[in-house]
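>>> no FASTA, just this:
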């Protein structure tokens, strides 16, 4: 993979010799000299196919926030929501382009090492901390779904009260699921092997989407169901402020809850910690090939998010809840199967999200150590124990998700990739005031503004008691 500068016609100035050498030494396109071993990243030859890489990255993008997107659409309107969703998708693709460009310049495919290259040890620590914060929040949201949904599903199947036996307690179930399903998958050595489970997870979410579309045409207008009671409740909790109280879709609307919409969507598109590990294991790696993986994955998730939000909103209108499945009848057999599919999908996503955390910790504490199975297993165990304790002890972490969506998400999507690009790409190759670097500066500034505004509105809503934040 080579970066081409048409202005320089592949001729680098003297000050960019190091840049050129790094470029040519990173997965060179020409064969090695006779008798020399081919140069490979970390002595690991990627064997994951293009399709499996798309499955892995799509699964990393797709989060539990898909259940709250219809609620977000209710507070922005159909057209405004889709426009915002498209902007976030395009910006996410551009930020991946910046990451891949930086990786190609310095021959590094680890997010933490890019931070070290840009700012030394401090940069490495900051990047590792942001990745851990974001992914621990995502893992917690998945386990919270298991904690809340699995007892209901099992209780329905067994025709028992979900608050009955020990095997229907949410806290017990997340421990059982973590030990029997999540831990064995998290102990796999390479992320590429999870492509099969990622494909199954995406299939489950596709079934969820098809069911939401089907239910839209099966159910009549439900927004007017017990409308008086709902409006009375809305007047107390203020979740429906600015919404219509009939089966009429709004194309554009603004209310106090809209301040959470962009953080929800930004959180839903964060996959950047997984991009470089997936790039490492991609077969026949190149920047163009990995960018294609990212574009296909983001495009697929944009379509899935948009369709799910639209048909979910058009089913319930102003009565849609933060977690859309709660609005359906629990005894509906199709919805019961959908709940099972969602549970399976989020369960299989947890190991994919755990990989970048473990990689960040290894880069931070054991950067020069060879692979060790005891360390590999110990980190996975410690992470799962900590996340389980968090989910069991904290009754609700909606506001924590709001903070994570307003801090780690813009850091991973906007701020860090732009700073890496400005610091890593030599000024001899791209001057500071060249158009690509001006774009990167504007991109990073947008991320800072997004963080400040989101946190400001969030603190204001907390002060007025209007905090309602769906999870990722």
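That came through fine. Because the structure is a prediction, the values reported are computed rather than measured.
>>> quick check: which ranges of the stretch 351-472 of the chain have low pLDDT?
Low-confidence segments of the stretch 351-472 of the chain (pLDDT under 70): 395-402, 465-472.
>>> grab the most central residue of this protein for me.
In the chain, the centroid-proximal residue (CA atoms, centre = their mean) is residue 270; its distance is 3.5 Å.
>>> residue contacts, it?
By CB atoms under 8 Å, 6 or more residues apart in numbering, residue 270 lies in contact with 61, 92, 134, 138, 408-409, 412-413, 472. C-beta: built from backbone N, CA, C; applies to glycine.
>>> next: residue 147.
Residue 147 is in contact with 170-171, 173-174, 391, counting by CB under 8 Å, 6+ apart.
>>> the stretch 301-450 of the chain: helices as residue ranges?
Ranges of helices within the stretch 301-450 of the chain are 333-365, 373-393, 398-410, 416-424, 435-464, based on DSSP state H, counting those that start in this stretch.
>>> output these in CSV, with distance to residue 203 and mean neighbour count appended to each entry.
Output for the helices of the stretch 301-450 of the chain, formatted as CSV (distance: least, CB to CB, whole Å; neighbours: other CB atoms under 10 Å):
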stretch, distance to residue 203, mean neighbour count
helix 333-365, 8, 21
helix 373-393, 25, 16
helix 398-410, 26, 23
helix 416-424, 31, 24
helix 435-464, 33, 16
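>>> which one's the longest helix in this structure?
Counting residues, the longest helix found in the chain (DSSP state H) is helix 111-158.
>>> in the next helix-or-strand element following it, what's buried?
The helix or strand immediately downstream of helix 111-158 is helix 170-177, counting by DSSP states H and E. By neighbour count with 16 or more other CB atoms under 10 Å, helix 170-177 contains the buried residues 170, 173-175, 177.
>>> sorry, back to before: I'd like the distance between the residue nearest to the centre of the chain and residue 63.
Per CB to CB, to the nearest Å, residue 270 is found 8 Å from residue 63.
>>> report the contact partners of residue 299.
For residue 299, the contacting residues are residue 89, by CB under 8 Å, 6+ apart.
>>> per-residue confidence at it?
Looking at residue 299, its pLDDT is 94.
>>> how about residue 363, nearest residue that isn't a chain neighbour?
Of all residues not flanking residue 363 in the chain, residue 112 sits nearest, at 4.0 Å (CB to CB, 6 or more residues apart in numbering).
>>> surely that neighbour is in contact with residue 121?
No. The criterion here is CB atoms under 8 Å, and residue 112 misses it with residue 121 at 10.5 Å.
>>> of those two, give the one with the bigger neighbour count.
residue 112 (27 against 10; other CB atoms under 10 Å).
>>> mind putting the buried residues of helix 170-177 into a markdown table with pLDDT and distance to residue 431?
Below are these laid out as a markdown table (pLDDT from 0 to 100; distance: CB to CB, whole Å):
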| residue | pLDDT | distance to residue 431 |
| --- | --- | --- |
| 170 | 82 | 57 |
| 173 | 89 | 57 |
| 174 | 91 | 53 |
| 175 | 91 | 56 |
| 177 | 91 | 53 |
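>>> and these, which is closest to residue 50?
Using CB to CB, residue 177 comes nearest to residue 50 of the buried residues of helix 170-177, at 31.0 Å.
>>> distance check, the closest one against residue 406.
Distance, residue 177 to residue 406, by CB to CB: 29 Å.
>>> same check, this time on residue 354
Note on residue 354: its distance to residue 406, by CB to CB, is 23 Å.
>>> residue 337 now?
Applying CB to CB, the value for residue 337 to residue 406 is 35 Å.
>>> swap in residue 150?
According to CB to CB, residue 150 and residue 406 sit 29 Å apart.
>>> what do you get for residue 114?
Counting by CB to CB, the gap from residue 114 to residue 406 is 23 Å.
>>> for residue 183, same thing?
Per CB to CB, residue 183 is found 31 Å from residue 406.
>>> list phi and psi for residue 91.
Backbone torsions for residue 91, taken as degrees, to the nearest 10, come to phi -70, psi -40.
>>> wait, it sits on residue 442?
No. Judged on CB under 8 Å, residue 91 makes no contact with residue 442 at a distance of 11.1 Å.
>>> sorry, back to before: just the contacts of residue 270 now: which is nearest residue 203?
Distance to residue 203, by CB to CB, is smallest for residue 61 among those, at 15.4 Å.
>>> what about the closest one, neighbour count?
24.
>>> list the contacts for it?
268-271, 297-298, 301.
>>> what do you get if the cut-off is 10 Å, keeping everything else the same?
By CB atoms under 10 Å, 6 or more residues apart in numbering, the contact list for residue 61 reads 89, 92, 268-272, 274, 294, 297-298, 300-302, 304-305, 349.
>>> sounds good, over and out.
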